[in-house]
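S.K.: 3D model of this:
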Amino acid sequence: MEIFDVLDCRGGKTGKTIARDEAHRTGAWHGAFHCLIIYEREGRGYALFQKRSDLKKIAPGKLDVSVGGHYGAGENAALAGPREIKEEIGLDVKFDELLPVGRRVFVYCFTPGVMEYEFQDVFLLPKYVRPEGITLQEEEVDGLLEMEIEPGARLFSREIPQAEGRFFKRGTEAGLITVSVEEFVPCLDNYYLKLLLLSQRYFNGERRLAV
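M.R.: Here you go, the predicted model:
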């Protein structure tokens, strides 16, 4: 059973803990780690999104950032971040490789009785990877979507209805697919657009970034 630290409305620890399912049932504030992997290839910027397992209780089958996971009681980003990356996609990453871009306040009621009240510490990971060589955590991740950043930003700004990307499922390339905004974890804050715009700024040489 996963146990979380209960946070107050400012993101500070209250000293109390709560079980995962109870946190989602009652809407207790808790912490999480988010990471978007970005890289350049042949002069173009790309971002890597994961397709959540159909077995997940929250947003099954939806596309999301490369890696995301809750903090266990007593954990922070430095402890949980590298662990989550290793568990979900099999990469060994040191915490100082991650570029912090801020803390996101995320609130969403997915289904009756399943509420997510999170403070998410958000990072970019500028690291070239070969998606076809990544080992996925079977119960968490069904596949990976490699999307070019520029059309991705146009998709989330609603300039275009769909964008194309390469989809990889358990180490094999399934080929080109088209995706829409509705295929991503729903949110109210243009989260994915913000991340892709920050990624564009990073590849333009900026390093002072904030989500």
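S.K.: Tell me where this structure has strands.
M.R.: In the chain, the strands defined using DSSP state E lie at 3-7, 13-19, 30-41, 44-52, 63-64, 67-70, 99-111, 114-126, 141-148, 163-169, 172-179.
S.K.: The ones you listed into TSV, with extra columns for distance to Y202 and mean neighbour count?
M.R.: For glycine as for every other residue, the C-beta is placed from the backbone atoms N, C-alpha and C. As requested, the strands of the chain are exported to TSV (distance: least, CB to CB, whole Å; neighbours: other CB atoms under 10 Å):
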stretch	distance to Y202	mean neighbour count
strand 3-7	29	20
strand 13-19	31	14
strand 30-41	7	22
strand 44-52	8	22
strand 63-64	20	22
strand 67-70	17	22
strand 99-111	7	15
strand 114-126	6	21
strand 141-148	15	22
strand 163-169	19	19
strand 172-179	22	12
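S.K.: Turn those into CSV, including mean pLDDT and distance to Y191.
M.R.: Shown next, in CSV, are the strands of the chain (pLDDT from 0 to 100; distance: least, CB to CB, whole Å):
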stretch, mean pLDDT, distance to Y191
strand 3-7, 98, 19
strand 13-19, 97, 24
strand 30-41, 97, 9
strand 44-52, 97, 12
strand 63-64, 98, 10
strand 67-70, 96, 11
strand 99-111, 94, 7
strand 114-126, 96, 9
strand 141-148, 96, 15
strand 163-169, 94, 16
strand 172-179, 84, 16
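S.K.: Quick check: which of those is nearest to L188?
M.R.: Of all the strands of the chain, it is strand 99-111 that lies closest to L188, at 7.1 Å by CB to CB.
S.K.: Note down every partner strand of that closest one and its orientation.
M.R.: Here strand 99-111 has these sheet partners by DSSP bridges: strand 114-126 (antiparallel).
S.K.: what's the residue positioned nearest the centre of the chain in contact with, if anything?
M.R.: Nearest to the geometric centre of the chain sits V65, at 2.6 Å (CA atoms, centre = their mean). Applying CB atoms under 8 Å, 6 or more residues apart in numbering, we find V65 in contact with 34-36, 49-50, 195.
S.K.: Out of those residues, flag the one nearest to T17.
M.R.: Lowest distance from T17 to these (CB to CB) belongs to H34, with 21.7 Å.
S.K.: I figured the closest one hits Q120, correct?
M.R.: Yes. Contact criterion CB atoms under 8 Å: H34 and Q120 qualify, at 4.9 Å.
S.K.: related to what we said a few turns ago, can you add distance to Q200 and give the strands of the chain back as a markdown table?
M.R.: Below are these laid out as a markdown table (distance: least, CB to CB, whole Å):
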| stretch | distance to Q200 |
| --- | --- |
| strand 3-7 | 32 |
| strand 13-19 | 35 |
| strand 30-41 | 9 |
| strand 44-52 | 7 |
| strand 63-64 | 19 |
| strand 67-70 | 21 |
| strand 99-111 | 13 |
| strand 114-126 | 11 |
| strand 141-148 | 11 |
| strand 163-169 | 15 |
| strand 172-179 | 19 |
